[in-house]
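Enquirer: Have a look at this prediction, sequence included:
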Amino acid sequence: MRACLTLLTCCLALPIMANADGGWPRTITHEAGELVLEDQPRRVVSTSPSLTGTLLALDVPLAATAVAMRTPLADDQGFFLQWAKAAHEKGVEVLYPNLAFDFEALIVQDADLVIAAKTGGDSIMPYLAELQAMEIPVMVLDYGTSDWVELARQIGVATGHEDDAARVTQAYKAHAADVASGLTRPEGTVSIVSYNFAGTFGVSKPVSAQAQVLADLGFVVTGIPEEMRARVQESREYDFISHENLAGAITGDTVFLLNGTPEAVQTVLADPVLANVPAIKAGRVYPLGPLSFRVDYYSALDIIETVAPYFTE
């Protein structure tokens, strides 16, 4: 499995010319309106580390990226572990640390295109009007409602890297299908559970980025039951619920843990609040891996590599 991952990652390093058939200028429709790009961007900056991995996978000329806080999920520069190696190899700089938005740092980059997020801790929306007034070209994407494959398509069009987007997504889909064909999946549906992540508890909707990766492997992801919907505290790609109500929200015959590790599985199995959940009572709980929180090309491959051995005879 790791050999397949290495092969796919190495393929990304091959220089492939972007598709120029569409020509320039281009009018790009995005989450905050329209953006006219007169020429193909030669210097791109990311204010969203959640989108940076996809930019790197498409071989977009990425000069700098904002980074999150240094955590076990990031290296000593704040680069997410799943794409840190690619970023270092391509000489990507830190735009600003700790997701602490910095106008001056962004202006100094003099980017042809800024890729930004609509939601999340790296949302550009509080600063967008001022950036647009300064005529800084910003493309806003929503990684909460679009999986990385769709984001890759949108980025490919905006950067002239349509061929790269097609190449990368097709390689991923083929790899996922190949792995799926060799799995002995458990019967029934699966739930993806966010357990005590930053003090919150939630269950994935079937449309989340993680759910899509599992769907690519042939699993059927189920969300919370309708009778629990009134108890949802917040709803995005996950429905967040109190710990005491979590048991009633988990209906899958198998459970996958977001950002899960073997240690996290043991914690869940020992939680008395969840003791009567059928999947947990039967021990059908599996970690999605520590890199599964934000899904891009690299972490999608990591999820596949993590999940496949559980169900390979």
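Expert: Perfect, thanks for sending it.
Enquirer: Going along the chain, name the helices of this protein.
Expert: 2-12, 49-57, 81-89, 103-109, 125-133, 148-159, 162-181, 209-216, 246-249, 262-269, 278-281, 297-307 (DSSP state H).
Enquirer: Show the average pLDDT along whichever strand in the chain runs longest.
Expert: Looking across the chain with DSSP state E, the single longest strand is strand 190-197. Mean pLDDT, computed over strand 190-197, is 97.
Enquirer: what residues does that strand touch?
Expert: 200-204, 208, 210-211, 214, 219-223, 238, 240, 243, 246, 250-260, 264, 267-268, 279, 288, 293 (C-beta atoms under 8 Å, 6 or more residues apart in numbering). (Each C-beta comes from the backbone N, C-alpha and C, glycine too.)
Enquirer: Ok, stretch 232-245 next?
Expert: Residues contacting stretch 232-245 (C-beta under 8 Å, 6+ apart): 119, 144-145, 194, 196, 200-205, 207-209, 223-224, 228-229, 231, 249, 258, 273.
Enquirer: So what's the gap between that stretch and the chain middle?
Expert: 20 Å (C-alpha atoms, centre = their mean, to the nearest Å).
Enquirer: can you tell me the distance between the two ends of it?
Expert: Chord length of stretch 232-245, first to last residue, is 9 Å (C-alpha to C-alpha, to the nearest Å).
Enquirer: Can I get stretch 117-127 in PDB, CA atoms only?
Expert: These are the backbone C-alpha positions of stretch 117-127, laid out as PDB (Å, rounded to 0.1, in the frame of the first residue of the first chain):
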ATOM      1  CA  ALA A 117     -11.300  30.000   2.300                       C
ATOM      2  CA  LYS A 118     -14.900  31.000   2.900                       C
ATOM      3  CA  THR A 119     -15.300  29.300   6.300                       C
ATOM      4  CA  GLY A 120     -13.200  27.800   9.100                       C
ATOM      5  CA  GLY A 121     -10.400  29.300  11.200                       C
ATOM      6  CA  ASP A 122      -8.700  30.500   8.100                       C
ATOM      7  CA  SER A 123     -11.700  32.300   6.600                       C
ATOM      8  CA  ILE A 124     -10.900  35.300   4.500                       C
ATOM      9  CA  MET A 125     -14.400  36.800   4.700                       C
ATOM     10  CA  PRO A 126     -13.700  39.400   7.400                       C
ATOM     11  CA  TYR A 127     -10.900  40.900   5.300                       C
END
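Enquirer: Out of the helices of the chain, which is the most enclosed?
Expert: Most buried of the helices of the chain, by mean neighbour count (mean count of other C-beta atoms under 10 Å): helix 49-57, with a mean of 27.
Enquirer: and that helix, what other elements does it pack with?
Expert: strand 44-46, strand 62-65, helix 81-89, strand 113-117, helix 148-159, helix 297-307 (3 or more C-beta pairs under 8 Å, 6 or more residues apart in numbering; DSSP states H and E).
Enquirer: and of the ones you listed, who's closest to S181?
Expert: Among these, the nearest to S181 by C-beta to C-beta is helix 297-307 (12.6 Å).
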